[in-house]
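[1] Just a sequence and a predicted model for now, questions to come.
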Amino acid sequence: MITHTGGCHCGRVRFEVQAPAELEVDDCNCSLCSKAGYLHLIVPAARFRLLRGESSLSTYQFNTGTARHLFCSVCGIKSFYVPRSHPDGFSVNARCLDAGTVTGMRVTACNGRDWEQQFPAGRGDFQAT
């Protein structure tokens with residue numbers, strides 16, 4: 001495990017996350033993730049730390065209200081959020097990590113478009129790293 005840093009476009013929101021240098025991420029095809037180009041790096045809460053910008057975060061919730069989609073209220077970028085699949089952890093957008101620490105990414109497709117049919121128990125197939 002190494003420390004990766006990242007944040008939103010304007011820099012108000014900054015975080016660090018402990019994860020391998022070679023990342024395993026999920027590419028979800030649901031309407032929200034596909035429109036935003038989000039690549040999910042799922043980590044337990046203990047491996048994520050918000051460095052600054054809590055007061056700049058806004059929350060968007062829909063459907064079951066389990067997921068807490070957090071985005072910068074200034075630039076609009078969602079660099080991380082609390083996912084429905086892992087409400088006790090975080091999903092970090094791998095595309096919001098700073099350059100220099102990621103040596104590669106293995107991207108796995110995830111069918112979030114058909115969530116309820118595919119995952120009737122309520123948890124998805126996103127994998128925690």
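    Noted; the coordinates are in hand.
[2] Test of understanding: give the bridge partners of Thr3.
    Beta-bridge partners recorded for Thr3 (DSSP bridges): Gln18.
[3] Just give me the neighbour total for it.
    11 (other CB atoms under 10 Å). Where you see a C-beta, it was placed from the backbone N, CA and C, and this is true even at glycine.
[4] Cross-check the contact I'm expecting between it and Pro20.
    No: the criterion here is CB atoms under 8 Å, and Thr3 misses it with Pro20 at 11.3 Å.
[5] Now list whatever residues contact both of those two.
    Residues touching both Thr3 and Pro20 by CB atoms under 8 Å, 6 or more residues apart in numbering: none at all.
[6] just the helices in this protein please.
    For the chain, applying DSSP state H gives helices covering 31-36, 115-118.
[7] burial of Phe48, as a residue count?
    Phe48 has 19 neighbours, counted by other CB under 10 Å.
[8] Leu51 too?
    12.
[9] In contact with the closest residue to it other than its chain neighbours, which residues?
    Computed as CB to CB, 6 or more residues apart in numbering, the closest residue to Leu51 that is not its neighbour in sequence is Arg14, at 4.3 Å. Arg14 makes contact with Thr5, Gly6, Gly7, Leu50, Leu51, Arg52, Gly53, according to CB under 8 Å, 6+ apart.
[10] now those residues: which count as buried?
    Taking 16 or more other CB atoms under 10 Å as the criterion, what is buried in those is Gly6, Gly7, Gly53.
[11] Let's have those residues in TSV, adding pLDDT and distance to Cys110.
    Shown next, in TSV, are the buried ones among the contacts of Arg14 (pLDDT from 0 to 100; distance: CB to CB, whole Å):
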residue	pLDDT	distance to Cys110
Gly6	98	21
Gly7	97	24
Gly53	96	27
